[in-house]
Structure formats: structure tokens, C-alpha cells
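1. structure for this input, please:
(2 chains)
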Amino acid sequence: DAKTTQPTSMDCAEGRAANLPCNHSTISGNEYVYWYRQIHSQGPQYIIHGLKNNETNEMASLIITEDRKSSTLILPHATLRDTAVYYCIVREFTGGGNKLTFGTGTQLKVEL
Amino acid sequence: GAVVSQHPSRVICKSGTSVKIECRSLDFQATTMFWYRQFPKQSLMLMATSNEGSKATYEQGVEKDKFLINHASLTLSTLTVTSAHPEDSSFYICSARDPRLAGGPDTQYFGPGTRLTVL
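-> This is a model prediction of the structure:
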């Protein structure tokens, strides 16, 4: 699976959009971008995933560059409860139950 | 939907004893379950992958005789830490996947984790 690079930490004011970048310059054509987050002392939570097109769900939006070498997770109106470590993971979509490889992620701190 | 539970949430045991952790998918059938371990201030590390009805596949460096995994049904997997020692103290997290769920076939849904402390 392709390796990802994320900033170690970011701060965001409550109510503002949080934009979390992820570089995955070695991503291959059949690899998807997944985002999970982990609130302190809890299990990770699935947020969103995509291949080429931008995606949006009730939690967030995922913007993938045209060359697919990077992506941005957008939390449109961050709240204090969005404070968590956000993991960007790229992996092949094989349907065979392949493992997720977690990096160090980005610690997002949402403040008043 | 897509709720995964773990039991217990926290356990303290003496060195040398065995501890069993349960992972259940509450509202879906999990064809594959995964077990992770997370040490303080570190990321999740996959320990093993188990498919219902077959033997688990362990990651390199994980002792299969020490961390016994059973996935006897589509809704339950157990991890038993045998002869636990203080260095086994960690946050153990399971996840489950069901290709029929929204989020895609490879989406994993995680349990809340079990904090193991070995004295």
C-alpha cells in the first residue's frame, strides 16, 4: 500500500472549516483514499473514502487532486467534538479484507 | 448501523494470568475481523486478521501462541492474551468488515477498545 504523509498537528477554531491535507504521491491507480479518526481512548471511526472523484457525506468532504497525489479532508464546521487524530490511508480496493496500515495521523485540536 | 462492541472495556490482571477480550458485530455479520494493539502515544498496529471459520493470520512479530484468536461465528471474535505480562499492557481494538455495508467492502468498523493493564 502507498505511504501517506500528514502534518503532525493542526489547530482549528470552532465553527470554522478544518482542512486536513494528505500526501500520497506514490498512490497507484487502483488504490483508494480512506480517512478515519480516533478520539482519545476510543476506537477509530470511519469518515469517508474515495478513488478519483470528490466525495461528500454527512461527516465530511474529501477532495482528491486530479493527479491523485494528494487529498484534503474537509470538516465544514468543526466542533470541539471533532478534536481527534485523523488518519489518511491509501489501499487497494480488493474486497478481500485487506488490512489497514495506520500512520501517525494528524492531531486536530478544535478550540473555542 | 455498523456497531462493533468490545468486552470488557477495561481489565486489570496479575502477571501470568490469561485474559479474554470479546469483539461483537451487533447489527451486521462480519466476514472478517481484525485485532489491533495501540501503545500510548503510538498508532494502531495490526496484530492479526481472522475470517469466520478459519485460522487467523498473524502479522510478523506477533506470537500466535500468546495471542489466541477465535472467530467462531459471523458476529463474534475473541482474543485471549495468554500468560499476560506487564509488557502486554496496551489498548486492544478490534474491527469488523462486512462487504454488504455502506462505506464500501473494505471499510472497517471499529470497537471502542479494551484497556489491558497487567500488574
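
2. flag the shaky bits of chain A, pLDDT-wise.
-> A:1-2, A:92-98 (pLDDT under 70).

3. now with 90?
-> Applying pLDDT under 90 to chain A picks out residues A:1-3, A:28-32, A:41, A:53, A:90-101, A:103.

4. now for the residue positioned nearest the centre of chain A: which residues touch it?
-> Relative to the mean C-alpha position of chain A, the nearest C-alpha, by Cα atoms, centre = their mean, is the one of residue A:35, at 3.3 Å. Each residue near residue A:35 by Cβ atoms under 8 Å, 6 or more residues apart in numbering or on different chains is listed here: A:20, A:22, A:47-49, A:60, A:62, A:73, A:86-89. Glycine gets a C-beta too; all of them are placed from N, C-alpha and C.

5. tell me which element it falls in.
-> strand A:31-38 (DSSP states H and E).

6. partners of that strand in the sheet?
-> strand A:45-50 (antiparallel), strand A:84-92 (antiparallel) (DSSP bridges).

7. burial check on the closest residue to residue A:112 other than its chain neighbours, number of neighbours?
-> Distances taken as Cβ to Cβ, 6 or more residues apart in numbering or on different chains place residue A:14 nearest to residue A:112, at 5.5 Å, with adjacent residues excluded. By the criterion of other Cβ atoms under 10 Å in any protein chain shown, residue A:14 has 15 neighbours.

8. got it, and the one 3 residues further on?
-> Look at residue A:17: counted by other Cβ under 10 Å, it has 12 neighbours.

9. got the contact list for the nearest residue to it once chain neighbours are set aside?
-> Nearest non-adjacent residue to residue A:17, counting by Cβ to Cβ, 6+ apart: residue A:76, 5.3 Å away. If you count contacts by Cβ under 8 Å, 6+ apart, residue A:76 has them with A:17, A:60-61.
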